[in-house]
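Colleague: how would this look folded up:
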Amino acid sequence: MNQAIAAPMLELQGACPLPHLGLIRCLGEEAAHFLHNQLTQDVLLLPHGQSRLAAFCNAQGRMQASMVVHKRSADEIWLIMRRDLLPRTLRRLSMFILRAKVRLSDASTDQSIWGLSGQVLHALNDQALQPWQTLDLPQGVVIGLYPIGDQARALLLPRTEPPFGASMAHADWLAGEILAGVADISEPTFEAFIPQMLNFESVDGVNFKKGCYPGQEVVARSQFRGTLKRRAFIVQAHAPMQAGQEVFAASDASQPCGLIAQAASVHGEHVAVAELQLSATDSVLQVGSAQGPQLTLLPLPYALREDI
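Modeller: Numbers count the residues shown, from 1 in each chain. A predicted model of the protein is given here:
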């Protein structure tokens with residue numbers, strides 16, 4: 001059995017630029033309506049100035065990208081996502097524009113993205129930020145993220161150069177993303193998961209009350225028919241891992257039982273978000289091969305929502 005243990009200690013303090021993230025800008029009077037019909041999130045009812053997690057899926061409900069949707073106004077919406085998938089996502093979204101009054105562009109070079117935690121974040125805002133809660137401050141837009149224990153985390157989209165320098169290692173931030181339990185889709189995991197396999201419905205990344213979008217029937221059927229047999233877990237190993245690696249269970253080593261969705265290494269600790277068959281989580285798990293490094297399950301920092 002993979003006994004869940006306490007997560008590795010990681011003291012997130014400071015700020016750092018996030019070069020692995022980019023931004024798609026959506027402009028036009030039909031921007032919200034267009035994205036509402038493409039993403040798992042209710043973009044129409046999202047209040048101006050607020051943000052939510054979302055996924056862009058294919059017709060089979062498999063995620064082609066994940067992103068934070070920030071609704072600047074009725075006719076301007078920003079999509080914050082992994083840079084490695086941004087050009088492909090921009091092209092695919094553009095295919096669906098047709099006659100919609102919306103323009104899409106890569107604004108990654110126009111807008112920097114920073115990660116904040118600890119005293120730097122507290123200096124900008126001394127109130128506790130809920131996940132996805134968004135503040136429009138003189139220094140820029142601050143978007144709350146899922147914390148690590150009592151360590152608050154947030155994205156900053158500064159208006160100009162931030163009034164502080166980089167004081168946190170990028171590797172620390174990436175490890176923090178893992179321990180928060182919210183994985184991004186990247187090139188190695190393109191079309192590998194439906195949203196629930198990464199617990200997106202439990203971190204407000206799927207709205208089941210909205211209308212149709214690509215893959216909506218598959219995503220809804222998986223939720224309401226009780227057919228969820230795979231979930232995301234935080235795992236630890238004694239060797240580095242990488243997105244796209246297969247996971248094997250000793251109970252059936254002939255075929256993989258899961259996939260590494262996102263991984264990071266920091267201060268000698270190796271952690272990842274792994275999508276796993278629920279039936280395999282009581283078995284010995286190994287990554288890369290049936291003889292690979294053994295995995296240990298770590299606790300998720302949020303509760304899974306079984307019923308929506």
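
Colleague: residues near E269, how many?
Modeller: Neighbour count of E269, defined by other Cβ atoms under 10 Å: 17. For the C-beta atoms, the positions are set from N, CA and C on the backbone; glycine is no exception.

Colleague: cool, G176 as well?
Modeller: 24.

Colleague: so the closest residue to L155 other than its chain neighbours is in which element?
Modeller: Of all residues not flanking L155 in the chain, I143 sits nearest, at 4.4 Å (Cβ to Cβ, 6 or more residues apart in numbering). Here I143 sits within strand 140-144, counting by DSSP states H and E.

Colleague: What strands flank that strand, and is each parallel or antiparallel?
Modeller: If you go by DSSP bridges, strand 140-144 pairs up with strand 134-137 (antiparallel), strand 153-158 (antiparallel).

Colleague: tell me the most buried of the ones you listed?
Modeller: strand 153-158 (a mean of 22; mean count of other Cβ atoms under 10 Å).

Colleague: from the chain's centre, how far out does the very next helix or strand once past that one sit?
Modeller: Where DSSP H and E defines the elements, the next helix or strand beyond strand 153-158 is helix 170-180. Computed by Cα atoms, centre = their mean, to the nearest Å, the separation of helix 170-180 from the middle of its chain amounts to 12 Å.

Colleague: Need the residues that contact the helix or strand following helix 170-180.
Modeller: Going down the chain from helix 170-180, the next helix or strand is helix 216-224, by DSSP H and E. Here helix 216-224 makes contact (Cβ atoms under 8 Å, 6 or more residues apart in numbering) with 40, 57, 60-61, 194-196, 201, 206, 208, 227-228, 308.

Colleague: Now the buried members of those residues.
Modeller: 40, 57, 61, 194-196, 201, 206, 228 (16 or more other Cβ atoms under 10 Å).

Colleague: hang on, the earlier thing: outside of the strand holding I143 itself, list whatever touches it.
Modeller: With Cβ under 8 Å, 6+ apart as the test, strand 140-144 has contacts from 51, 68, 70, 80, 116, 121, 124-125, 129-135, 152-159, 162.

Colleague: Give me the distance between it and the centre of its chain.
Modeller: Distance, centroid of strand 140-144 to centroid of chain: 16 Å (Cα atoms, centre = their mean).

Colleague: ok, now which ones touch A54?
Modeller: With Cβ under 8 Å, 6+ apart, A54 has these contacts: 39-41, 43, 66-69, 205.

Colleague: where's it, which helix or strand?
Modeller: Going by DSSP H and E, A54 is part of strand 51-57.

Colleague: Report the angle between that strand and strand 153-158.
Modeller: Angle, strand 51-57 to strand 153-158, by axes from the mean of the first three to the mean of the last three Cα atoms, to 10 degrees: 90 degrees.

Colleague: model confidence over strand 51-57, on average?
Modeller: In this model, strand 51-57 has a mean pLDDT of 98.

Colleague: by how many degrees do that strand and helix 216-224 diverge?
Modeller: 110 degrees.

Colleague: Strand 51-57: what's the following helix or strand?
Modeller: strand 63-73.

Colleague: how about H270, what does it touch?
Modeller: 236-241, 263-264 are the contacts of H270 under Cβ under 8 Å, 6+ apart.

Colleague: Number of residues surrounding Q50?
Modeller: Q50 - counted by other Cβ under 10 Å - has 15 other residues nearby.

Colleague: That one contacts D136, correct?
Modeller: No: using Cβ atoms under 8 Å, Q50 is not in contact with D136; the gap is 9.9 Å.

Colleague: Which of the buried ones among the contacts of helix 216-224 scores worst on pLDDT?
Modeller: Within the set of the buried ones among the contacts of helix 216-224, pLDDT is lowest for L228 (81).

Colleague: That one: what's its closest spatial neighbour, skipping adjacent residues?
Modeller: Q196 is the one closest to L228 (Cβ to Cβ, 6+ apart), at 5.4 Å.
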